[in-house]
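1. got a predicted structure here, sequence first:
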Amino acid sequence: MENMVAYDDFFKGKRVFLTGHTGFKGSWMTLLLQALGAEITGYALSPDQEQNLFDSAGLEKRIYSHIGDIQDFSALQDAMKKADPEIVIHMAAQPLVLESYKNPLYTYGTNVMGTANLLEVVRQLPNVDICLNITTDKVYKNNEWLWGYRETDTLGGHDPYSNSKACSELVTQSYRDSFFTDSSTIIATARAGNVIGGGDWAANRLVPDFIRSIQSGEQVVIRSPKAVRPWQHVLDCIGGYLHLISKLSTHKKTETSFNFGPEDDNIRTVESLINKVCKAWGESASYKIEGNDTFHEAGLLRLDISRARQELGWKPKWGMEKTVTQIVDWYKAFSEGQDALELCQKQIEEFLQH
């Protein structure tokens, strides 16, 4: 329980405003916050896949859910003022690299102006103690280094998604420096690696593509087998975010940007991860490699999580074997008719007790 002590009771009864609650990570965040006793108001677009965790787990009935666009300032302002939050967690985003090539203006509008809209409302609200903007490991200018990127490294981003998230970091820094230096509200950002877990059905993501291929009786197709990524179970990732929030409440002078990633064993190639998933799945699951050089994607990406270790006392809980087991167990049980909400709650309970 060493990781959990920081926020065991911290979120109980807290009013939390969560953007992006209808997404994959947002749905898991909603369920983890509920398990910790928070009062949650969500604000997001409707899920963009017909099959999605938000609907499968019936989350609309479990929290105050506002369906709206983060680019709609007045709607966002109205929802946030009614919620009167103590904690704001900003996860709403256009989160896909390939989609950002297809719709760059929408990606920038959502990821940059959406962040500005949120921070503009936060500075009008009287009771926000902490506002955490969730960005990504892809905010760093990618030099294909063998070592992990640190929070002090140069921001950049080649594709519109990565670049828009780096812009979101800069917007957050500007708002913090311009409007919150003498404020009781703490503004921070969190950058995480490639998050995987049960209940993800997004297009052009490795694990969901695997599940769809298995269900249709086809081989899994992987585009960039040698690309190295910091793979992390969704609960490890969002658990890190909540750990940070609880620590910020008592350490006002702490750094304001943190990486949350896996141990080195989880930083591995796409092919290595899929090979492990195929073996865990069994039933003759296999993959094939088809190169796709249409769009640029980073080949080597690592995160340095030293700051979170040293300043927050945080470390990831689940290694690669556990992560893969949890994913395979979730999707297999769901395909056999088990309830998505109960599957998530079971894994959350195990995570909190770990």
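-> Alright, I've got the coordinates. Numbers count the residues shown, from 1 in each chain.

2. going forward, measure contacts and count neighbours with C-alpha atoms only.
-> OK.

3. buried residues in the top helix by length along the chain, which are they?
-> Scanning the chain for the helix with the most residues, using DSSP state H, yields helix 160-179. By neighbour count on 16 or more other CA atoms under 10 Å, the buried set for helix 160-179 is 160-169, 171-173, 175-176.

4. mind giving me the packing neighbours of it?
-> For helix 160-179, the packing partners by 3 or more CA pairs under 8 Å, 6 or more residues apart in numbering; DSSP states H and E come out as helix 97-102, helix 104-108, helix 114-122, strand 186-192.

5. could the C-alpha coordinates of that helix be exported in CSV?
-> The C-alpha coordinates for helix 160-179 follow below in CSV (Å, rounded to 0.1, in the frame of the first residue of the first chain):
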residue,chain,number,x,y,z
PRO,A,160,0.0,18.1,-35.1
TYR,A,161,-1.1,16.0,-32.1
SER,A,162,2.3,16.1,-30.4
ASN,A,163,2.9,19.7,-31.2
SER,A,164,-0.5,20.8,-30.0
LYS,A,165,0.1,19.1,-26.7
ALA,A,166,3.4,20.9,-26.4
CYS,A,167,1.5,24.1,-27.1
SER,A,168,-1.0,23.1,-24.3
GLU,A,169,2.0,22.9,-21.9
LEU,A,170,3.1,26.4,-22.9
VAL,A,171,-0.4,27.8,-22.5
THR,A,172,-0.5,26.2,-19.0
GLN,A,173,2.9,27.7,-18.1
SER,A,174,1.8,31.2,-19.4
TYR,A,175,-1.5,31.1,-17.4
ARG,A,176,0.3,29.9,-14.3
ASP,A,177,3.0,32.6,-14.5
SER,A,178,0.5,35.4,-15.5
PHE,A,179,-2.4,34.7,-13.3
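
6. by mean pLDDT, which helix or strand of the chain comes out lowest?
-> strand 220-222 (a mean of 83; mean pLDDT, DSSP states H and E).

7. so which of the helices and strands packed on helix 160-179 gets nearest Met320?
-> strand 186-192 (16.0 Å; CA to CA).

8. what's in contact with the next helix or strand after the closest one?
-> The element immediately downstream of strand 186-192 (helix or strand, assigned by DSSP states H and E) is strand 194-196. Applying CA atoms under 8 Å, 6 or more residues apart in numbering, the set of residues contacting strand 194-196 from outside is Val207, Arg229, Pro230, Trp231, Gln232, His233, Val234, Cys237, Ile327.

9. just checking, which of those belong to helices?
-> Val207, Val234, Cys237, Ile327.

10. and the furthest pair within these?
-> Maximum distance among these (CA to CA): 16.4 Å, for Val207 and Cys237.

11. out of the two, which sits in the more crowded spot?
-> Cys237 (27 against 24; other CA atoms under 10 Å).

12. so who does the more buried one touch?
-> Contacts of Cys237 (CA under 8 Å, 6+ apart): Ala192, Val195, Phe260, Gly261, Pro316.

13. sorry, back to before: quick check: the farthest pair among the contacts of strand 194-196?
-> Arg229 and Ile327 (17.2 Å).

14. can I get the contacts of Cys237 in CSV with distance to Ala38 and pLDDT?
-> As requested, the contacts of Cys237 are exported to CSV (distance: CA to CA, whole Å; pLDDT from 0 to 100):
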residue, distance to Ala38, pLDDT
Ala192, 23, 92
Val195, 23, 93
Phe260, 22, 95
Gly261, 25, 92
Pro316, 23, 94
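
15. thanks a lot, see you next time.
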